[in-house]
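Peer 1: let's see this in three dimensions:
(one chain, ligands or ions: 1)
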Amino acid sequence: MKKLLLKVTGMSCGGCENSVKNVLSKLDSVTDLEVNHTSDKVSLSYDENALEEAAIVQSIEKLGYTVNRDN
Ligand SMILES: [Cu+2]
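Peer 2: Numbers count the residues shown, from 1 in each chain. Here you go, the predicted model:
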């Protein structure tokens, strides 16, 4: 399992958190999912053999949020 920490900007409330959680929880192998709109943090673990990081990022971006990987 690989751990991934992303800074996601654009989330403004608990509803945004839930949108992100819903989408990511449907992806293959994702576990330990935590989303916090106050700190702009999304953290999760996933199986690199089952899922690519780009797919995770794209799923969040499709919702209209901005993903920064430089943290
Ligand atoms: Cu919101």
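Peer 1: for the residue lying farthest from the centre of the chain, give me its contacts.
Peer 2: The centre of the chain is farthest from one residue, residue 49, which by CA atoms, centre = their mean lies 17.7 Å away. By CB atoms under 8 Å, 6 or more residues apart in numbering, no residues touch residue 49. The way it works is simple: take the backbone N, C-alpha and C, and place the C-beta from them, glycine included.
Peer 1: I'd like the distance between residue 9 and residue 32.
Peer 2: Counting by CB to CB, to the nearest Å, the gap from residue 9 to residue 32 is 22 Å.
Peer 1: just the pLDDT for the residue most central in space within the chain.
Peer 2: The chain has residue 42 as the residue nearest its centroid, 4.9 Å off, counting by CA atoms, centre = their mean. We note a pLDDT of 97 for residue 42 in this prediction.
Peer 1: list the beta-bridge partners for it.
Peer 2: When bridges are called by DSSP bridges, residue 42 pairs up with residue 6, residue 35.
Peer 1: pretty sure it sits against residue 6.
Peer 2: Yes. The criterion here is CB atoms under 8 Å, and residue 42 meets it with residue 6 at 4.6 Å.
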